[in-house]
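>>> coordinates for the following, if possible.
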Amino acid sequence: MTRKAALFLLAIVLVVLLLPAAVISLGPSTEPAPPEGGSSDDEAGEKNKGLQIQLYRADMDRVVRMDLEAYLEGVLLAEMPSTFETEALKAQAVAARTYALQQMRSLGGEGCSETPVPADICTQSGHCQAWLDPEKTVAQWGPEGEVLLERIRAAIAETSGEALLYRGKLIEAVYHSTCGGKTEASHALWSGGELPYLQSVNCPYCKHSPHYRGEHLIPIARLVEVLPQELALPVASGEQLQLELVSSTPGERVGTLKINGMPVEGPELRRLLELPSTAFVWEIKEEGLLLHTRGKGHGAGLCQYGADGAAKAGKNYRQILMFYYPGVEIAKFIP
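Coordinates of the predicted model:
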């Protein structure tokens with residue numbers, strides 16, 4: 001066989017040998033295609049990594065940028081006892097993350113309206129979420145501090161990227177300490193209309209809270225000091241104190257109360273008398289006004305002690321959140 005013929009024969013053999021591989025490689029893929037219009041939990045977690053929030057630290061009087069998930073460590077330290085059940089901590093992590101995301105200006109939020117410079121959120125619980133510096137707080141707590149911080153970090157990590165949505169939009173994820181047996185509807189507290197996921201629900205889980213029931217005696221002198229002048233003057237002159245309930249809220253709190261014939265809104269009276277909540281009944285005593293209170297906080301959304309009690313009863317964090325925010329979806333949020 002000549003050299004030219006040998007090379008021709010070798011070429012034919014190579015074509016025959018490689019043809020099956022070429023045919024196989026052109027066939028349909030056996031790997032599953034990614035779901036259309038969605039993404040996996042891993043993808044959502046990756047996209048949320050490094051999401052930055054602008055936090056106004058009142059203790060430093062300046063804005064700092066930090067990772068959202070790291071920011072949540074300080075929120076949980078400040079907003080919920082770290083000894084609460086793990087599922088309660090997870091529920092708080094999701095609620096706090098949702099609140100923060102809803103505030104972030106980079107995501108269309110309005111940010112905090114109380115800061116001297118533009119910021120997404122501040123560290124003051126009066127109008128945003130409370131926040132504590134994890135490093136300083138753990139150092140103050142001593143040997144147990146690191147253990148408690150790890151519990152918080154685990155709760156945040158196990159709910160990484162999860163938020164509360166209603167019809168695909170972030171909700172107003174408000175929360176409070178103790179509802180005292182019944183949460184409040186949002187429209188009874190704030191203007192802006194009724195929110196379907198912030199309705200009054202009966203809560204059997206917060207009876208172990210130190211704020212579940214309380215008594216507060218307001219001396220006559222204190223009433224004269226804090227009430228508006230038109231109310232304080234008759235009381236100061238010795239006129240018999242008269243209270244009349246004008247309206248109640250869906251959460252069985254004081255909506256409007258008449259004091260000596262003049263109407264006062266429940267939230268305003270709570271502020272003036274520094275009461276734990278607007279859920280109260282009263283007795284008029286010789287020495288002053290005795291108020292029997294129920295719960296602590298505004299009463300809407302997640303009841304924190306209720307979350308702990310529900311977790312003790314075997315509920316997981318998703319069940320807890322769905323109970324206090326009926327109708328919401330818990331999903332990975334991708335900006």
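>>> my read is that residue 51 contacts residue 335, right?
Yes - at 6.6 Å, residue 51 counts as touching residue 335 under the criterion of Cβ atoms under 8 Å. Backbone N, C-alpha and C define where each C-beta goes, glycine included.
>>> the more surrounded of those two?
Neighbour tally, residue 51 and residue 335, criterion other Cβ atoms under 10 Å: the higher count belongs to residue 51, 19 against 10.
>>> got the contact list for the more buried one?
Residue 51 is in contact with 67, 68, 69, 335, counting by Cβ atoms under 8 Å, 6 or more residues apart in numbering.
>>> so how many other residues sit close to the nearest residue to residue 312 once chain neighbours are set aside?
Spatial nearest neighbour of residue 312, chain neighbours left out: residue 85 (5.8 Å); criterion: Cβ to Cβ, 6 or more residues apart in numbering. For residue 85, the neighbour count with other Cβ under 10 Å is 20.
>>> how far away is residue 85 from residue 161?
22 Å (Cβ to Cβ, to the nearest Å).
>>> quick check: residue 92 is in a helix.
Yes - assigned with DSSP: H, G, I helix; E, B strand; the rest coil, residue 92 falls within a helix.
>>> pLDDT score assigned to residue 227?
According to the prediction, residue 227 has pLDDT 87.
>>> meant to ask about residue 191, not that
So residue 191 comes in at 84 (pLDDT).
>>> Three-state assignment for it, please.
Under three-state DSSP, residue 191 falls in the coil class.
>>> where does the most centrally placed residue in the chain land in three-state SS?
With distances taken as Cα atoms, centre = their mean, residue 95 lies nearest the centre of the chain, 3.0 Å away. The local conformation at residue 95, judged by three-state DSSP, is helix.
>>> any idea how far it lies from residue 303?
Distance from residue 95 to residue 303, by Cβ to Cβ: 11 Å.
>>> list the residues that contact both of these two?
Here residue 95 and residue 303 share the contacting residues residue 175, scored by Cβ under 8 Å, 6+ apart.
>>> now residue 205: closest residue in space that isn't a chain neighbour?
Nearest residue to residue 205, sequence neighbours excluded (Cβ to Cβ, 6+ apart): residue 309, at 3.2 Å.
>>> quick one: residues contacting that neighbour.
By Cβ under 8 Å, 6+ apart, residue 309 lies in contact with 204, 205, 206, 207, 208.
>>> swap in 10 Å and give it another go.
84-85, 88, 178, 203-209, 303, 315, 320 (Cβ atoms under 10 Å, 6 or more residues apart in numbering).
>>> next: residue 123.
Here residue 123 is in contact with 55-60, 71, 74-75, 78, 112, 115, 129-133 (Cβ under 10 Å, 6+ apart).
>>> same check on residue 193?
Residues near residue 193 by Cβ under 10 Å, 6+ apart: 186, 187.
>>> so how far is residue 93 from it?
28 Å.
>>> need phi/psi at residue 162.
When read as degrees, to the nearest 10, the backbone of residue 162 gives phi -80, psi 140.
>>> sorry, back to before: can you list residues touching both of residue 51 and residue 335?
Looking at what touches both residue 51 and residue 335 (by Cβ under 10 Å, 6+ apart), the common residues are 101, 104, 106, 107.
>>> the strands in the stretch 101-250 of the chain, which residues?
121-122, 162-166, 169-170, 175-176, 213-219, 243-248 (DSSP state E, counting those that start in this stretch).
>>> dump the ones you listed to JSON lines, plus mean pLDDT, mean neighbour count and distance to residue 329.
Below are these laid out as JSON lines (pLDDT from 0 to 100; neighbours: other Cβ atoms under 10 Å; distance: least, Cβ to Cβ, whole Å):
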{"stretch": "strand 121-122", "mean pLDDT": "96", "mean neighbour count": "25", "distance to residue 329": "23"}
{"stretch": "strand 162-166", "mean pLDDT": "98", "mean neighbour count": "22", "distance to residue 329": "5"}
{"stretch": "strand 169-170", "mean pLDDT": "96", "mean neighbour count": "14", "distance to residue 329": "10"}
{"stretch": "strand 175-176", "mean pLDDT": "98", "mean neighbour count": "22", "distance to residue 329": "18"}
{"stretch": "strand 213-219", "mean pLDDT": "96", "mean neighbour count": "15", "distance to residue 329": "35"}
{"stretch": "strand 243-248", "mean pLDDT": "95", "mean neighbour count": "13", "distance to residue 329": "32"}
